[in-house]
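Enquirer: model the following, please.
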Amino acid sequence: MNIGEAVKERILELCSERNITINKRGTMSGVTKSTINNIVSGRNNSTTIATIKKLCDGLDITVVESFTSDVFNHLEQEIK
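Expert: Numbers count the residues shown, from 1 in each chain. Here you go, the predicted model:
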């Protein structure tokens, strides 16, 4: 799994845990619907840390908490 896929999975995981839609999470975070949809659809595989921070702020969690998930434990090597 690459980092883009892991971020997508974590977004979906956190939405599921809180029983909210991805669009609701975007609204809560001040992230546009198109941006969050591009991340979740896989069209955006290089989400900025600023966007991740906004998504975390909307759920009142830290960036560290966001990355504390098994999906980030076995990422593919980005530089080959």
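Enquirer: mind checking the SS state of the nearest residue to Ile3 once chain neighbours are set aside?
Expert: Leaving aside its chain neighbours, Ile3 sits nearest to Leu75 (5.9 Å; criterion: Cβ to Cβ, 6 or more residues apart in numbering). All C-beta spots, glycine's among them, are computed from the backbone N, C-alpha and C. Secondary structure, DSSP: H, G, I helix; E, B strand; the rest coil: Leu75 is coil.
Enquirer: quick one: distance of the helix or strand hosting Val64 to the chain centre.
Expert: Val64 belongs to helix 63-67 when elements are defined using DSSP states H and E. On the basis of Cα atoms, centre = their mean, to the nearest Å, helix 63-67 sits 10 Å off its chain's mean C-alpha point.
Enquirer: measure the residue nearest to Ile3 to Ile39 for me?
Expert: Distance, Leu75 to Ile39, using Cβ to Cβ, to the nearest Å: 16 Å.
Enquirer: one more: Asp60?
Expert: Distance, Asp60 to Ile39, using Cβ to Cβ: 20 Å.
Enquirer: from memory Ile22 sits against Ser16, does it?
Expert: No - with contact defined as Cβ atoms under 8 Å, Ile22 does not reach Ser16; the gap is 10.1 Å.
Enquirer: between these two, point out the one with more neighbours.
Expert: Neighbours around Ile22 and Ser16, counted as other Cβ atoms under 10 Å, are more numerous at Ile22. The numbers are 20 against 9.
Enquirer: good, we can wrap up now.
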